[in-house]
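A.B. asks: Pasting a predicted model and its sequence here:
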Amino acid sequence: MITGLSEEPSSSSSNSSSSTMIVVGFEMGLPRFVRPKEGDGESSPNLYVANCGPAVGLSYDTIASVFSSFGEVKGVYAADESGARVIVSFLESTSAHSAFKALNGRPCPHLAGRSLHIRHSILQPSSSTVNDSVPASLFASDLNIPGLYLFHDFISAKEEEELLQAVDNGPWKSLSKRRVQHYGYEFCYDTRNVDAKQHLGAFPSFVSFILERVSSFPDIPTNLVLDQLTVNEYPPGVGLSPHIDTHSAFEGLIFSLSLAGPCIMEFRKYTAGSWIPKIASISDMKVENPDSCTELSRKAIYLPPRSMLLLSGEARYVWHHYIPHHKIDKVKETMIRRSSRRVSLTFRKVRRGPCECEFPQYCDSER
């Protein structure tokens, strides 16, 4: 067990804004507003407004200010992941109708002269009993998952740039939705394991400084030699299905460095008799309704670029980790758009014998 590690707060972290802002609420994967049935629209206080939003240079505060001239605005919401369509929610339906008549199809001088395309919209009640998103924490200590650590600013911006250049000179292998590189040993997605007899050679020299930095962590075994590296490149909207790295494939410490872009990583713990995925390709694995399990704990953390995540102990052996397939993540009431790519470098140690961990119900060696 790793006992002496402590998280390094990011020097670039900022406190949440104390100013009063119009709520911006887009729940990923759960459409909140829909087109009304014929004849029902004018009774709704909500307007769907296209050609309007951050992606076209219009802030939510500016949009709220313009529409508030027609009545009290309850909130401005992202209508989808484009950043160019919003929902404006009024307190009164008469205010929404007035704004619709005044602005639909016409250039608005207070919104950079853009022509707005507006229709009425209604709130869609969610039929799901499980919320699609989990509040994301900034620090691993907030999650209270034993063995989980996150080190902010593990590398510098210059080191990140040099790493990305070096990685892009390497041999990419295309999966259905993302690209990967393997060093040391190739990870087989069909079996979720490695062939320890097929050594690919030494790690590339550009990761040497990372290994040196990792070895300086307190309580890291002095004889630890990480020998398997997987580089993943995620386009916007592509994530990773819930899984635990196979116990029999890798030993107890897993390090993952995030580059280029941020994401949310969710952790799920399924207790006795709960959903455990069948062996399948985790590059394309479809989750067969794991949320239907009642014995499920869910926690999430925000992984900024240049941060190093360490999974050990219970966090490594018991909790499934999962990257939601989103283009926009919600962190502390702030909407964060994923960048054009996110690259991760995951370092592991190939196991040479059966796993003898303390968690037999999650262990393929002991089942």
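C.D. replies: Thanks, I have it.

A.B. asks: all contacts plus neighbour counts: C-alpha atoms, from now on.
C.D. replies: OK.

A.B. asks: Using CSV, list the CA coordinates for stretch 231-247.
C.D. replies: Output of stretch 231-247 as CSV, limited to C-alpha atoms (Å, rounded to 0.1, in the frame of the first residue of the first chain):
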residue,chain,number,x,y,z
VAL,A,231,-0.2,5.8,-25.5
ASN,A,232,-3.8,6.6,-26.2
GLU,A,233,-5.1,9.5,-28.4
TYR,A,234,-8.7,10.4,-27.8
PRO,A,235,-10.6,12.6,-30.3
PRO,A,236,-13.4,14.9,-28.9
GLY,A,237,-16.3,12.9,-27.6
VAL,A,238,-14.4,9.6,-27.4
GLY,A,239,-13.9,8.0,-23.9
LEU,A,240,-13.3,4.7,-22.4
SER,A,241,-15.8,2.1,-21.2
PRO,A,242,-15.8,1.1,-17.5
HIS,A,243,-13.1,-1.5,-16.7
ILE,A,244,-10.5,-2.7,-14.2
ASP,A,245,-7.1,-3.4,-15.6
THR,A,246,-6.8,-7.1,-15.5
HIS,A,247,-5.3,-8.2,-12.2
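
A.B. asks: From here on, call the first residue 576.
C.D. replies: From this message on, residue numbering opens at 576, which makes the last subject stretch 806-822.

A.B. asks: Figure out how far that stretch is from the centre of its chain.
C.D. replies: In terms of Cα atoms, centre = their mean, to the nearest Å, the centre of stretch 806-822 is found 10 Å from the chain centre.

A.B. asks: try stretch 788-804
C.D. replies: That offset, for stretch 788-804, works out to 26 Å (Cα atoms, centre = their mean).

A.B. asks: Just the endpoints, please. Distance across that stretch?
C.D. replies: With Cα to Cα, to the nearest Å as the measure, stretch 788-804 spans 16 Å from end to end.

A.B. asks: One more: stretch 817-831?
C.D. replies: 16 Å.

A.B. asks: what's the offset of that stretch from the middle of its chain?
C.D. replies: So, by Cα atoms, centre = their mean, the centroid of stretch 817-831 is 19 Å from its chain's centroid.

A.B. asks: got it, and stretch 916-923?
C.D. replies: 14 Å.

A.B. asks: The residue nearest to G628 when sequence neighbours are not counted - how many residues pack around it?
C.D. replies: In space, and not counting its chain neighbours, G628 is closest to A659: 4.5 Å by Cα to Cα, 6 or more residues apart in numbering. A count of nearby residues for A659, using other Cα atoms under 10 Å, gives 18.

A.B. asks: L691 now?
C.D. replies: 20.

A.B. asks: middle-most residue in the protein, spatially?
C.D. replies: Computing the C-alpha centroid of the chain and ranking residues by Cα atoms, centre = their mean puts I839 first, at 2.5 Å.

A.B. asks: what's the spacing between the closest residue to it other than its chain neighbours and K905?
C.D. replies: Nearest non-adjacent residue to I839, counting by Cα to Cα, 6+ apart: Y877, 4.6 Å away. Per Cα to Cα, Y877 is found 9 Å from K905.

A.B. asks: With V755 instead?
C.D. replies: 27 Å.

A.B. asks: Same check on G688?
C.D. replies: G688 sits 30 Å away from K905, taking Cα to Cα as the criterion.

A.B. asks: So these two - more neighbours on which side?
C.D. replies: The residue with more neighbours, out of G688 and K905, is K905; 22 against 10, by other Cα under 10 Å.

A.B. asks: That one - nearest residue in space that isn't next to it in sequence?
C.D. replies: Excluding the flanking residues, the one nearest K905 by Cα to Cα, 6+ apart is I911, at 6.1 Å.

A.B. asks: Give me the phi and psi angles of that neighbour.
C.D. replies: Dihedral pair for I911: phi -120, psi 120, per degrees, to the nearest 10.

A.B. asks: Okay, now the sheet partners of the host helix or strand of V661, with direction.
C.D. replies: Here V661 sits within strand 660-665, counting by DSSP states H and E. Its sheet considered, strand 660-665 pairs with strand 621-625 (antiparallel), strand 648-653 (antiparallel) by DSSP bridges.

A.B. asks: contacting residues around that strand?
C.D. replies: 608, 620-628, 639, 642, 646-655, 671, 696 (Cα atoms under 8 Å, 6 or more residues apart in numbering).

A.B. asks: what do you get for stretch 919-927?
C.D. replies: 769, 771, 800-808, 823-826, 828-834.

A.B. asks: Of those residues, grab the buried ones for ChimeraX.
C.D. replies: Buried residues within those, by 16 or more other Cα atoms under 10 Å, are selected in ChimeraX with:
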select :769,801,802,803,804,805,806,807,808,823,824,825,826,828,829,830,831,832,833,834
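
A.B. asks: Sort out for me which of the contacts of stretch 919-927 are in helices.
C.D. replies: Here DSSP state H is the test, and the contacts of stretch 919-927 give no hits in helices at all.

A.B. asks: Just to be sure, which of the contacts of stretch 919-927 are found in strands?
C.D. replies: Mapping the contacts of stretch 919-927 onto strands (DSSP state E) picks out 769, 803-808, 829-834.

A.B. asks: just the strands in the stretch 576-725 of the chain please.
C.D. replies: Residue ranges of the strands in the stretch 576-725 of the chain, as given by DSSP state E, counting those that start in this stretch, are 608-609, 621-625, 648-653, 660-665, 682-683, 689-690, 692-698, 711-712, 723-726.

A.B. asks: Can you tell me which of those is nearest to V782?
C.D. replies: The closest of those to V782 is strand 723-726. By Cα to Cα, the value is 17.2 Å.

A.B. asks: Only the buried residues of the following helix or strand past the closest one, if you could.
C.D. replies: Per DSSP H and E, the first helix or strand lying C-terminal to strand 723-726 is helix 732-743. Neighbour counts over helix 732-743 (16+ other Cα under 10 Å) mark E735, L738, V742 as buried.
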